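Peer 1: Provide a 3D model corresponding to the input given below.
(one chain, ligands or ions: 3)
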Amino acid sequence: RQYVFAFEEGDGKNKMLLGGKGANLCEMTRIGLNVPPGFVISTEACLAYLGHNRLPEHLMDEVRRHMAAVEKKTGKVFGDTENPLLVSVRSGSAMSMPGMMDTILNLGLNERTLQGLIRLTGNPRFAYDAYRRFIQLYGKIALGVADEHFDKAMEALKQRVGAAQDVNLTAEQLKELADQFAAIVQRETGSPFPEDPYQQLEIAIGAVFRSWNGKRAVDYRRQFKITKEMANGTAVNIVAMVFGNMGNDSGTGVGFTRNPGTGENITYGEYLVNAQGEDVVAGIRTPKPIAEMATEMPELHRQLIELRDRLEAHYREVQDFEFTIERGTLYCLQTRNGKMNARATVVTSVEMANSGLLSRDEALLRVNPQLLEQLMVPQLAPTGHHEALAQGLPASPGAASGKIVFDADTAEARGNAGERIILVREETKPEDIHGFFAAQGILTSRGGKTSHAAVVARGMGKPCVSGCAAIVIDHHARRACIGGVGLAEGDVITIDGSTGNVYAGQIPTKEPEFFPELTRLLTWADDVARLKVRANADTPAAAAKARKYGARGIGLTRTERMFNDSDRIPIVQEMILADTLVKRQAALDRLLPIQRADFHAIFREMSGLPVTVRLLDPPLHEFLPGEKQLQFDLDRLRASGNPAELARHEAMLERVRQLAEVNPMLGHRGVRLGLTNPEIYSMQIRAILEAAAECVKEGVPVEPEIMVPQVAAVEELARVKKQVEKIHREVEAATGVTVDYHFGTMMEVVRACLRAEDMASLAEFFSFGTNDLTQATFSFSREDAENKFLPFYVEQGLLPENPFEALDIKGVGRLMTMAVEWGRAARPELQVGICGEHGGHPESIALCHRIGLDYVSCSTPRVPIARLAAAQIRL
Ligand code: ADP
Ligand code: MG
Ligand code: MG
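Peer 2: Ligands and ions are numbered 1, 2, ... in the order given. I've put the predicted structure just below:
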């Protein structure tokens, strides 16, 4: 078996065998870049070494043969006194693990070769400095001598000669130090410092192999989930040393082929004249930006730009590279794919496609959709250091600052007065929705990532931290204790929904950016994707935003979100409290124009695109205050005695008690509520169709879609359909215009899926409500599951993932597959979409694509993610 590969012969694609650094050194050599001669000892040799605790037989023979070849190429000889070859011994595995394993420079130095180095460089100070560094590094890494012994000797010397820094030491003093270091090695290991270069090399190879199992490296692999399949063992790269410290025509540096922060197409990086790699790291001298090289060393700058162009042309990806200049010659010592932030990844991918370096498809595949989330939400832009008060769950990404407020009413009052508010609660309920609208962000002490607060906040694109257990709220005192710090209502905090951190005071944030390259990339995505992307949006403002983000329609408008706005909740409550149909109808008559105006505004925003409106879904008691709150208010009212108010509250309490259900989520809601109280749906259907008629009159193209929630039996759907048809005729007759619309059903009840062909006989479209459908398929109550047992289930491998985050392919996915098939059998042109939280999750989107859905609908900030994911599944 061959364990050693010259840079000329190694397979540049085989990172598992040669490590990333080694494979790229081979590749760069092969394409003619100036790499110092050298060779790679494979990861297989590493595994053999770790398995048997010694180097494989004949390995050193192979190494000697390759060393002879390097000697020939450099004209130097390993161990020679006159013209010594020195090498670096560098680790490098298939996955980049920066700084986790060991590299030894200047190997081959000893008392005799040192003289050769002095002659070669004409710089005794440098030579002694290199020598003492080598003894220390080698002593530590290869021989296991503790650093502190060397550090002590260094300190003692500096004190004795009065040197403030290492750089102040003379050649003589460094020589003395090297002697002391050698003595330390002798004392600590019981043997003299190895003088024989091949002995040095053999021990060093073993040490680098062992560093694969060093604590640092093992911890790193665990932290970043690097498995054996991704990287197994480290290779060792033996590279002829080149010196960047041979005068003012020498230097060293690191470069990025493009700016990794902005993506700007300009060579980026830093260099130092007359220095070695370590000097940059040691921070003794401040490196200069590469742009300065153009004036300081123009010819070398030209070579560097040429290197950069050749690297990019070959790798077709932004490169992060190391270089050293020895006496006017530029060498490349390492290259790898550059790590970039979201913006730079998008910008460089699009530019590379524009310049023909990549195809559009390749550019689309290069961007991880999840990365885009960073760009769609405000982010923290701290100017100094901030310690978090507490940490909760990162429930809805983005950062926001504002004054603490403990209830939705106050949030609304202060928010409408122009203050920035963070709503802080134990948990939130649907009736808190007006507080959400007014708040910059939401913070709760209970609840998981799919709790009410999290879902609603994500839907609105507002930051949310949930389940932050370190919060105790005292509602009476209007104070809270967060992470042990007492805060009053009105005190400012900052939350970061991307990390879950909560901070005291205001930390600056920066707004989301939609820049030309992102727009371009997403346009390419739309050309490729079959699956269309819509947004869930409940207000005209949200619709406008959805359109800006590239949504091709609204897949879900929740009418109850409008019910909860402050100007209508009293009317809604009046409707609920009405004890006669006449009174109820009077309240509905007042709601009709309000809802019509909402729909009209949304339709106008989305002109030419479909808008799916869901009829009322939640149970009525969600629009009334909780029983506890009412009791509390009643006590107050009885004392102060406003009779009208008192009577209203007493009636409300009675109604709340009547409406109370053991299991509200499975209770009197959705179509069941619509059928038992048909006047509510009538009002809503009329509002939708009249708004559409207004648009038609105005020449605004509209595509309203009326959607019925919670349907379990086709008979339910039949009744609502009749109702819609009747009102449609009335509206057309009254307005004199033709109004086109579509009628369809949510698919969120298991029975509806099992009767999909019946449903499709009446419904022109299906929209899978995967939140409820997941809940129903598993018989898991979502909020309880997330708080109580789901984390345990995932940890123990009972479920691969939280099914409320990643669509459960095997169960829910199968149900959907059957429903689509049966539905299309009854109605081939049936339109099918999904409007749950999963619509913005790339793997769930892939499933939707596979089972033939027409669209996914997700919260607005996730629209770009979904557009890109929908394209990637086709590539
Ligand atoms: P790391 O993975 O920690 O970057 P490297 O193996 O890349 O470790 O080496 C550490 C430093 O030594 C880098 O600055 C590198 O450029 C420099 N270096 C490595 N080999 C040589 C060599 N043969 N000649 C000159 N400098 C080298
Ligand atoms: Mg390293
Ligand atoms: Mg490196």
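Peer 1: just to be sure, Thr777 is in a helix?
Peer 2: Yes. Counting by DSSP: H, G, I helix; E, B strand; the rest coil, Thr777 is located in a helix.
Peer 1: so it sits against Leu815, correct?
Peer 2: Yes. Look at Thr777 against Leu815 with CB atoms under 8 Å: they come within range, at 6.1 Å. C-beta here means a position set from N, CA and C on the backbone, and glycine is covered the same way.
Peer 1: so what's the residue count around the residue of the stretch 601-750 of the chain found nearest ligand 1?
Peer 2: Residue of the stretch 601-750 of the chain nearest ligand 1, by CB to the nearest ligand atom: Leu609 (51.7 Å). Residues lying near Leu609 (other CB atoms under 10 Å) number 19.
Peer 1: same check, this time on Asn771
Peer 2: 17.
Peer 1: pLDDT value on it, please?
Peer 2: pLDDT recorded at Asn771 is 92.
Peer 1: give me the secondary structure label for it.
Peer 2: helix.
Peer 1: contact partners for the closest residue to it other than its chain neighbours?
Peer 2: What sits nearest to Asn771 in space, not counting adjacent residues and going by CB to CB, 6 or more residues apart in numbering, is Gly836, at 4.5 Å. By CB atoms under 8 Å, 6 or more residues apart in numbering, the residues touching Gly836 are Phe768, Gly769, Thr770, Asn771, Asp772, Leu773, Thr774, Leu807.
Peer 1: separate out the buried members of those.
Peer 2: Neighbour-count burial (16 or more other CB atoms under 10 Å) applied to the contacts of Gly836 gives Phe768, Gly769, Thr770, Asn771, Asp772, Leu773, Thr774, Leu807.
Peer 1: ok, back up a step: joint contacts of Thr777 and Leu815?
Peer 2: Common neighbours of Thr777 and Leu815, using CB under 8 Å, 6+ apart, are Val750.
Peer 1: re earlier: how much space separates the residue of the stretch 601-750 of the chain closest to ligand 1 from Met16?
Peer 2: 48 Å (CB to CB, to the nearest Å).
Peer 1: next one: Asp758
Peer 2: To Met16, Asp758 is 54 Å away according to CB to CB.
Peer 1: circling back: of all the buried ones among the contacts of Gly836, which comes closest to ligand 1?
Peer 2: Leu807 (40.2 Å).
Peer 1: checking that closest one next. Helix, strand or coil?
Peer 2: Looking at Leu807 with three-state DSSP, the answer is coil.
Peer 1: and it, what does it touch?
Peer 2: Here Leu807 is in contact with Thr770, Thr774, Gly813, Gly836, His838, His841, Glu843, Ser844, Leu847, Cys848 (CB under 8 Å, 6+ apart).
Peer 1: now His728
Peer 2: Leu689, Val739, Tyr741.
Peer 1: pLDDT score assigned to the residue of the stretch 651-800 of the chain found nearest ligand 1?
Peer 2: Of all residues in the stretch 651-800 of the chain, Glu795 sits closest to ligand 1, with a separation of 34.3 Å (CB to the nearest ligand atom). As predicted, Glu795 sits at a pLDDT of 87.
Peer 1: from Phe789, how far off is it?
Peer 2: Distance from Glu795 to Phe789, by CB to CB: 10 Å.
Peer 1: more neighbours: the two, which one.
Peer 2: Comparing Glu795 with Phe789 by other CB under 10 Å, the one with more neighbours is Phe789, at 13 against 9.
Peer 1: any low-confidence regions in the protein?
Peer 2: Where the chain drops to pLDDT under 70, the residues are 278-285, 450.
Peer 1: would you mind giving the domain segments of it?
Peer 2: Per automatic domain parsing, the domain ranges recorded for the chain read 4-110+196-240, 126-133+144-195, 251-340, 378-510, 529-619+661-872, 620-660.
Peer 1: could you dump the contacts of His728 into CSV with secondary structure added?
Peer 2: As requested, those are arranged in CSV below (three-state DSSP):
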residue, secondary structure
Leu689, helix
Val739, coil
Tyr741, coil
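Peer 1: most neighbours among these, which one?
Peer 2: Leu689 (25 neighbours).
Peer 1: number of nearby residues for Pro570?
Peer 2: Pro570, neighbours per other CB under 10 Å, totals 11.
Peer 1: can you classify it by secondary structure?
Peer 2: Assignment for Pro570 (three-state DSSP): helix.
Peer 1: what's the answer for Asp11, then?
Peer 2: coil.
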